[in-house]
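Asks: Any chance you could fold what I've pasted below:
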Amino acid sequence: MIQLNMEKVLITGGTGFVGRYVVREALKKGYEVHLVARNPFKAQKIFSEGVKFHFLDDFSKKDELRKIIDAIKPDYVIHLIGIIQEIKSKGITFEKVHYEYSKTLYEILREIPPKKIIHMSALGVDEKAPSKYHITKLLAEKELIKSGIPYAILRPSFILGPEQLLFVRLKPMLEKLPLLIFPDIGGYRFQPVDVRDVAECFIKAIDFKEKAVFELCGDERVSFRNIVSDFVNYIGKKVIFMPFPNSILKIFASEQYKMMWRDNICDSAKDVYPIQRLLKREPVSYKESIKWCATANQ
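Replies: Residues are numbered from 1 along each chain as shown. Okay, here's the model as predicted:
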């Protein structure tokens, strides 16, 4: 049931995997949803109604972004823009997308402050992290904190959903092949979280009274091998895992290798809240979530 709410929410990255669920959750709660998008045709195709679109082809264009925000004057801002892999030939880097885009946005919001900012970070951010992915995510957090605006920072582990890129790439292969051979990258562990829980957390964080950081994790700690094999099994296929030497991984996927500098699991510090604090319940179970990912749209 849609609730009536006159408050305005500005969402960046709303056409992405997580963003789509966040937008729908915000609409369900009755917020007036404004979406900054590079491709308005894609956005309109995803959200047929209820969303107000604002076109911006480059988030680096500070003056244009300021005009959009000044026209909206949002009550809340949800910042979701992020990447998991650089495309340097197109100028898409962790430094630009995670840090510079966030810095630009939060400098503008200091001039036109909303009531609160809810920011997408990542589990594993740390001053000692070897990956540019985690370091730039942490730098973005610092820009937000420096703004002085009330905030909630959300740090999810591996996010499960039918649109998860791993599953999107696996499904076509599984349709053509009776057996899948997959590299075994070892015992690195995740604590996967359902995208529907993540979206709900973003909206519920609006009403959380304190400035806060949340770690978003599900109920099980599993390896990458577990995730792939469980997904494949629900589809009714088989997978064989081949040993994948770390030396090769370092050469061909060096940044992704650095991201696995420690297990991606929740171990909340004193000043960090668990997902249950926002959901007021236990998260969707790993088994239920992975089954949904495999059987959706079948």
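Asks: ok but H34 is inside a helix, no?
Replies: No - counting by DSSP: H, G, I helix; E, B strand; the rest coil, H34 is located in no helix; its state is strand.
Asks: so how far is V222 from it?
Replies: 37 Å (Cβ to Cβ, to the nearest Å). Where C-beta positions appear, they are placed from N, C-alpha and C, glycine not excepted.
Asks: Tell me which of these two has more neighbours.
Replies: Applying other Cβ atoms under 10 Å to H34 and V222 shows that H34 carries more neighbours, namely 22 against 18.
Asks: pretty sure that one contacts D75?
Replies: No - using Cβ atoms under 8 Å, H34 makes no contact with D75, being 10.4 Å away.
Asks: and the gap between I206 and L174?
Replies: Between I206 and L174 the distance is 39 Å, computed by Cβ to Cβ.
Asks: Quick one: residues contacting the closest residue to S285 other than its chain neighbours.
Replies: Take S285 and drop its neighbours on the chain: the residue closest to it by Cβ to Cβ, 6 or more residues apart in numbering is D219, 5.3 Å away. Residues in contact with D219 (Cβ atoms under 8 Å, 6 or more residues apart in numbering) are 282-283, 285-286.
Asks: try G50
Replies: Each residue near G50 by Cβ under 8 Å, 6+ apart is listed here: 27, 33.
Asks: Ramachandran angles for it?
Replies: Main-chain dihedrals, G50, degrees, to the nearest 10: phi 90, psi -10.
Asks: And the helices in the stretch 1-150 of the chain?
Replies: Using DSSP state H, counting those that start in this stretch, the helices of the stretch 1-150 of the chain run over 17-28, 40-46, 62-72, 94, 101-111, 132-147.
Asks: measure stretch 75-84 end to end?
Replies: In stretch 75-84, first residue to last residue: 29 Å (Cα to Cα, to the nearest Å).
Asks: buried stuff in that stretch?
Replies: 75-83 (16 or more other Cβ atoms under 10 Å).
Asks: Also stretch 19-33?
Replies: 19-27, 29, 31-33.
Asks: Need the contact partners of that stretch.
Replies: With contact meaning Cβ under 8 Å, 6+ apart, stretch 19-33 is reached by 2-9, 11, 13-14, 35, 46-47, 50-52, 76, 78, 80, 161, 163, 195-196, 198-200, 202-203.
Asks: where does this protein have its least confident helix or strand?
Replies: Least confident helix or strand of the chain, by mean pLDDT, DSSP states H and E, is helix 246-252 with a mean of 58.
Asks: Tell me if I'm right that F53 and L35 touch.
Replies: Yes - counting by Cβ under 8 Å, F53 touches L35, with 5.5 Å between them.
Asks: In contact with the residue of the chain positioned farthest from its centre, which residues?
Replies: For the chain, the largest distance from the centre (Cα atoms, centre = their mean) belongs to P178, which lies 31.9 Å off. Counting by Cβ under 8 Å, 6+ apart, P178 touches 237-238.
Asks: Please report how far it lies from E210.
Replies: Counting by Cβ to Cβ, the gap from P178 to E210 is 53 Å.
Asks: And for S48?
Replies: Using Cβ to Cβ, S48 is found at 37 Å from E210.
Asks: just S60 next, same as before
Replies: Counting by Cβ to Cβ, the gap from S60 to E210 is 32 Å.
Asks: So the two - more neighbours on which side?
Replies: S60 (13 against 8).
Asks: Can you name the residues that contact the more buried one?
Replies: If you count contacts by Cβ under 8 Å, 6+ apart, S60 has them with 96, 100-101, 104.
Asks: now do P150
Replies: Neighbours of P150 in contact, by Cβ under 8 Å, 6+ apart: 115-117, 211.
Asks: mind redoing it with 7 Å?
Replies: Going by Cβ atoms under 7 Å, 6 or more residues apart in numbering, P150 touches 115-116, 211.
Asks: cool, A199 as well?
Replies: 18, 21-22, 25.
Asks: do F241 as well
Replies: 182, 184, 225.
Asks: where do the strands sit along the chain?
Replies: Here the chain has its strands, by DSSP state E, at 8-12, 32-37, 51-55, 76-79, 116-120, 151-156, 159-160, 179-184, 189-190, 193-194, 212-216, 222-223, 238-243, 272-274.
Asks: Can you name the residues in contact with the fourth one?
Replies: Outside of strand 76-79, the residues that reach it under the criterion Cβ under 7 Å, 6+ apart are 7, 9-12, 22, 102, 105, 109, 114-120, 202, 206.
Asks: Restricted to buried residues, select the residues you listed in ChimeraX.
Replies: A single ChimeraX command selects the buried members of the contacts of strand 76-79 (16+ other Cβ under 10 Å):
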select :9,10,11,12,22,102,105,109,114,116,117,118,119,120,202,206
